[in-house]
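Visitor: sequence and predicted structure are below.
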Amino acid sequence: MAAIHRPAHLTHHAAKVASAACIEKSKAISVPMNIAIVDASLYLLHFERMPGAKLTSIDISMNKAFTAAGHRAPTSVYKENVWPGGAAFGLSNSNNGRFMYVAGGIPIVVDGECVGAIGCSTGTPAQDTEVAQAGIDAVMEYVRKRKQGQPKL
């Protein structure tokens, strides 16, 4: 076992690939989005605010990405647990109120390791998730091509 673990990291280029796919999906469903992409450190790596996206959703998208990367799970998994009586009630107050349990935050997992996350916000939770998933799919396709030795996109 190695004494030092050097984790994989999400590049800015890969974040832009993800963002472009999110924008494309957002346009296809006619819902402008705030799109936040964080790396494994939970800090913002890339952000896009589409014209018409809700201004109050800027922080929400960032917090969705923060939560998904930090917990290595989609934000949607917490919905039932954070209500009064739930196993994680009060968790939404953690991390200075940044914990987000509304769907639309999805971790980016490469070779079993969380390298970051995408958080989208402005639409319904289902729309936000659909747009974020388009970004995840684009990153995974990019990774697949890189592993096969294909040139950068």
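Guide: Done, it's in. Numbering: from 1, shown residues only.

Visitor: show me the residues around the residue nearest the centre of the chain that make contact.
Guide: Nearest to the mean C-alpha position of the chain, counting by C-alpha atoms, centre = their mean, stands Ile118 at 1.5 Å. Each residue near Ile118 by C-beta atoms under 8 Å, 6 or more residues apart in numbering is listed here: 18, 22, 35-37, 65, 68, 105-106, 108, 132, 135-136. The way it works is simple: take the backbone N, C-alpha and C, and place the C-beta from them, glycine included.

Visitor: tell me the buried residues in the strand or helix carrying it?
Guide: Secondary structure from DSSP states H and E places Ile118 in strand 113-121. Within strand 113-121, the residues that count as buried by 16 or more other C-beta atoms under 10 Å are Cys114, Val115, Gly116, Ala117, Ile118, Gly119, Cys120, Ser121.

Visitor: is the fourth one in contact with Ala73, as I believe?
Guide: No - taking contact to mean C-beta atoms under 8 Å, the distance of 9.5 Å between Ala117 and Ala73 leaves them out of contact.

Visitor: and Lys145, how many neighbours does it have?
Guide: Neighbour count of Lys145, defined by other C-beta atoms under 10 Å: 13.

Visitor: what about it, which SS state?
Guide: For Lys145, the assignment made with DSSP: H, G, I helix; E, B strand; the rest coil gives helix.

Visitor: got the confidence number for it?
Guide: Listed pLDDT for Lys145 reads 91.

Visitor: how about the strands in the protein?
Guide: With DSSP state E as the criterion, the chain has strands at 34-39, 44-49, 105-110, 113-121.

Visitor: distance to Ala88 and mean pLDDT added to those, as CSV?
Guide: Output for the strands of the chain, formatted as CSV (distance: least, C-beta to C-beta, whole Å; pLDDT from 0 to 100):
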stretch, distance to Ala88, mean pLDDT
strand 34-39, 21, 98
strand 44-49, 25, 98
strand 105-110, 15, 97
strand 113-121, 18, 97
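
Visitor: adding distance to Ser57, write those strands out as CSV.
Guide: As requested, the strands of the chain are exported to CSV (distance: least, C-beta to C-beta, whole Å):
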stretch, distance to Ser57
strand 34-39, 5
strand 44-49, 9
strand 105-110, 12
strand 113-121, 4
